[in-house]
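In: whatever this is, show me its structure:
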Amino acid sequence: MRRLLITAVLGAVSLAAGASCAASGQAATPPPLGTGQRAPGATVKTLGGAPVDLSRYIGKSPVVIEFWAKWCPNCRALEPAMTAAYRAYGSRVTFLTIAASVGETPAEVSAYAKAHALVPEVLYDETGAAVDAYGAPGTSYVVIIGRKGSIVYTGEGGDQDLTAAIKTAL
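Out: Okay, here's the model as predicted:
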């Protein structure tokens, strides 16, 4: 059931399937976290399968998290901005791509990430823990966390001004 909920959150199932989940009384994903809120931890995996708790990144330096899927057109549109931001700020900011790719294997995600030169830290949200913790409304959802661990920016879509948002975190 959790996998079905994650799929619905990411827009990968029909509205009818989402309606049947709602009718069954299953809890909805919480709303996205807002600016000023403390960024939560959540356990995801490396593409090699090792567990990683996101809290290990929070409160040390600014963090950019993108909830991403290889089938997402907005994610593809955002790739140049994400790459440019990483090149400009990668020495001062941690960049994480969280593959919320229900139905895609870590190997498929890894192959895409290498072919498209995504930011180096690509993680796999196999259970939906990060999607749930951040209330991610879909893919191409970006969360930027300031040095002290509070969220300074959230946004969706392929045309986000990541440079301005990152400057807020610095």
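In: from here on, contacts and neighbour counts on C-alpha atoms
Out: Will do.
In: on the three-state scheme, the residue most central in space within the chain is what?
Out: For the chain, the residue nearest the mean C-alpha position is Phe67 (2.0 Å; CA atoms, centre = their mean). Judged by DSSP: H, G, I helix; E, B strand; the rest coil, the three-state class of Phe67 is strand.
In: that one pairs with what?
Out: With DSSP bridges as the criterion, Phe67 is bridged to Ile98, Tyr141.
In: so how far is Val119 from it?
Out: 12 Å (CA to CA, to the nearest Å).
In: how about Arg56?
Out: 18 Å.
In: ok, Ser140 next?
Out: Counting by CA to CA, the gap from Ser140 to Val119 is 14 Å.
In: repeat for Gly34
Out: 24 Å.
In: which one's more surrounded, those two?
Out: Val119 (20 against 16; other CA atoms under 10 Å).
In: how about the strands in the protein?
Out: 43-46, 51-53, 63-68, 94-99, 121-124, 141-145, 151-155 (DSSP state E).
In: possible to save these as TSV with distance to Glu79?
Out: Converted to TSV, those look like this (distance: least, CA to CA, whole Å):
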stretch	distance to Glu79
strand 43-46	20
strand 51-53	23
strand 63-68	10
strand 94-99	11
strand 121-124	13
strand 141-145	12
strand 151-155	14
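In: which stretches of this structure have low pLDDT?
Out: Scanning the chain for pLDDT under 70 picks out 1-30.
In: swap the cut-off to 50 and go again
Out: 1-26 (pLDDT under 50).
In: max-length helix in it?
Out: Longest helix of the chain, by residue count under DSSP state H: helix 73-89.
In: nearest spatial neighbour of Glu79, chain-adjacent residues omitted?
Out: Nearest non-adjacent residue to Glu79, counting by CA to CA, 6 or more residues apart in numbering: Leu118, 7.3 Å away.
In: give me the neighbour count for Gln37.
Out: As a measure of burial, Gln37 has 12 neighbours, counting by other CA under 10 Å.
In: correct me, but it touches Gly146?
Out: No: Gln37 is beyond contact range of Gly146, at 10.5 Å (criterion: CA atoms under 8 Å).
In: check whether the residue nearest to the centre of the chain really touches Ala136, as I assumed.
Out: Yes: contact criterion CA under 8 Å: Phe67 and Ala136 qualify, at 7.3 Å.
In: list the residues that contact both of Phe67 and Val119?
Out: Shared contacts of Phe67 and Val119 (CA atoms under 8 Å, 6 or more residues apart in numbering): Thr97.
In: and the closest residue in space to Ser55 that isn't next to it in sequence, what does it touch?
Out: Setting aside the residues directly before and after it, Ser55 is nearest to Gly41 in space (CA to CA, 6+ apart), at 4.1 Å. Each residue near Gly41 by CA under 8 Å, 6+ apart is listed here: 53-56, 58, 130, 133.
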